[in-house]
Every structure is written in C-alpha cells, then in structure tokens.
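Participant: I need the structure of the sequence given here:
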Amino acid sequence: MIDLLLGGSPCQGFSKTVTNNLNFEHEGSRLFFEYAKALKKLKPKYFLLENVPMKKWCQDTISEYVGVEPITINSNLVSAQDRERLYWTNIKGIEQPKDKNIFLADILQPAEEVDAKYWYNVPFDYHGDDAKVCATLHINGHDILKRVNNPAFKSATLTACRGGNLQKKVFQNGRCRKLTPIEYERLQTLPDGYTEGISDSQRYNVLGNGWTVDVIAHILSFIPETYLHTVVSLFDGISCGQVALERAGKVYNQYYASEIDKYAIAVTQKNYPHTMQLGDVTKIDWEVFKDRVNMIQKVS
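Facilitator: Numbers count the residues shown, from 1 in each chain. So this is what the prediction gives:
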C-alpha cells in the first residue's frame, strides 16, 4: 500500500498572473493528469496536491479528478511571504494555521553579513517608511524588477528565476539589495543552507518552485498515524515534502521521488541521500511500480 501521494504539478498554465490562457494545454500544467493517473493506479491512503489559485473551471476540473474540493492557505500565516495556494487532500479536519506574524525584517541576514554582490549601487527613488514597495531602482526592465520591499511588510510570492534582477529586493540600512539564497530558504521555511552546493541562480530557481514547508507540515500533522511506510512524491523538486514530514512528526520507511531537474535532484540527494528517484513521471509504469513496492513491503 502507498501511504501518501504528494504532488505539486507545474502551475504556469494555471497562474492568473500569466496571460497565455493555455490552462491544461500548457506543457507543464497538463502534467496534472499524470498525478491523476498515479492517484487512480496507486490508491494511496492519503494524498495531497498543491497548485496556484486559478480559474474556477480549472479548479473544478481538478476537484472532479481527485474527488475533493481544495483548501486555500496563504503562506503568510507561517512565513514572511505572501503565497496563496490551493491544497486538495483527503486528510480530514485541517484548520488554518495560526498566524505567526513574521515579516521580512524577521528573516533578513544582518547587513554586514551580506556579500557585496547582492547590493545595488544605482540611484533609486524612496517612497517612504510606510510604503510596502518603499523604493524603485533606476534599472532597465519591467516595473516589477525595480521594486524594493519594505522589511516591515511581507515579501511578494517567490517565483522561479535564474539571475539578473529577477530576485526579490529589500531596503536595508538605507540601501537596496537582492534577497540572498538563505533568505529565500527562510521565506520557504527551509533550514539555512538547505540548497547549498548549486549556483545562486539555480538556488533561487528551485526555491521559487518549491513549497512553503511549514504549510505542508501543518497539513500533514492532521494525519493520525505517525508511521507511514511508503511515500511517493511527484514533481518532487527539492523534497520539501521530506522536510515537512519530519516537522509534522511523521516517520516513513521509503520515499520515492519523481523529478527531472538535475539541480533539484542534487539538493534532494545531498539532504536525503536515501531518496529513491523515479525520473520522468510520464515514463513511470505504475502497475510495475506498485508490484515492486508490494514485494518490498512483504519482506520488510
């Protein structure tokens, strides 16, 4: 038996901030159907699926496939990041997390510890101490890239990005700078240094694609059992699911991960070397996999 099936299928086609209107036709977002296939074949005791707020008809389509309506939780309750997400699960009794009242100022590294490469030496307009976007950089590009956040507020939602000026920015000690990878980790409630070992640009990217661990841990804490023999995670990324399971006080024997990004896999294997990587989700034969798991469970 599969005790838990996790998954956060790619969201780009669903996101309301993306104007391509591809929805399920987007090459990433249609991978949801791979999750639906695994759910049908594996029949796990518990499942959890995460995705972004989306058009109602898309949400209803997913709900029809998985058999439950989603719960909406914003990461800002447990972190310094605004990150509203939908969670479809058959775990019963889930309540909203308590608000921890965490803001950017609470997760910033001291200015003297921040490397010079993260600071901007360009002119900027300052908009006042009470403004959420308290400064605007004089740099080329879209308005979003020029925004500098007030540390007294929450960060905007982290997104996948690989460099340039795409990272979120903060005003600190009268100057403007990019958030560091460690601060990105803190916004996702991951341990400091969790993504060390790959380049900064790839750290930002895999963290933007990840989960806010403390939200997932909160949801998983409502599973009544402590011991879960077999966990399967699709679109596993950097295995935020394993961190969340540990924080929720769950013990598991085997964790199977389906992921294709080599940098995300490197982060997972550094932190959880016993993770069993399944590769491309579109190439997994779930009947063969289920037989294999059943055989392992019989001898363990």
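Participant: so where is the chain shaky, pLDDT-wise?
Facilitator: Under the criterion of pLDDT under 70, the regions of the chain flagged as low confidence span 11-29, 300.
Participant: now the helices: where do they sit in it?
Facilitator: Taking DSSP state H to define them, one finds helices in the chain at 32-42, 56-66, 104-107, 143-146, 181-187, 200-208, 213-220, 240-247, 262-271, 286-299.
Participant: got TSV for those helices, with mean neighbour count and distance to residue 118 too?
Facilitator: Placement of C-beta: from N, CA and C, glycine included. Output for the helices of the chain, formatted as TSV (neighbours: other C-beta atoms under 10 Å; distance: least, C-beta to C-beta, whole Å):
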stretch	mean neighbour count	distance to residue 118
helix 32-42	19	36
helix 56-66	15	37
helix 104-107	17	15
helix 143-146	14	15
helix 181-187	24	9
helix 200-208	22	9
helix 213-220	24	24
helix 240-247	23	24
helix 262-271	19	20
helix 286-299	12	43
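Participant: Dump those helices to TSV, plus distance to residue 123.
Facilitator: TSV is the format used below for the helices of the chain (distance: least, C-beta to C-beta, whole Å):
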stretch	distance to residue 123
helix 32-42	45
helix 56-66	43
helix 104-107	23
helix 143-146	11
helix 181-187	24
helix 200-208	25
helix 213-220	38
helix 240-247	38
helix 262-271	35
helix 286-299	57
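Participant: mind checking which of the ones you listed is nearest residue 1?
Facilitator: The closest of the helices of the chain to residue 1 is helix 286-299. By C-beta to C-beta, the value is 7.3 Å.
Participant: before we move on, back to that, could you point out which of the helices of the chain sits nearest residue 10?
Facilitator: By C-beta to C-beta (comparing all of these), the closest turns out to be helix 32-42, at 8.4 Å.
Participant: Number of residues surrounding residue 54?
Facilitator: As a burial measure, residue 54 scores 20 neighbours (other C-beta atoms under 10 Å).
Participant: now swap in residue 147 and tell me
Facilitator: The criterion is other C-beta under 10 Å. On that basis, residue 147 has 17 neighbouring residues.
Participant: ok, back up a step: show me the one of the helices of the chain that comes nearest residue 173.
Facilitator: Among the helices of the chain, helix 104-107 comes nearest to residue 173, with 11.9 Å by C-beta to C-beta.
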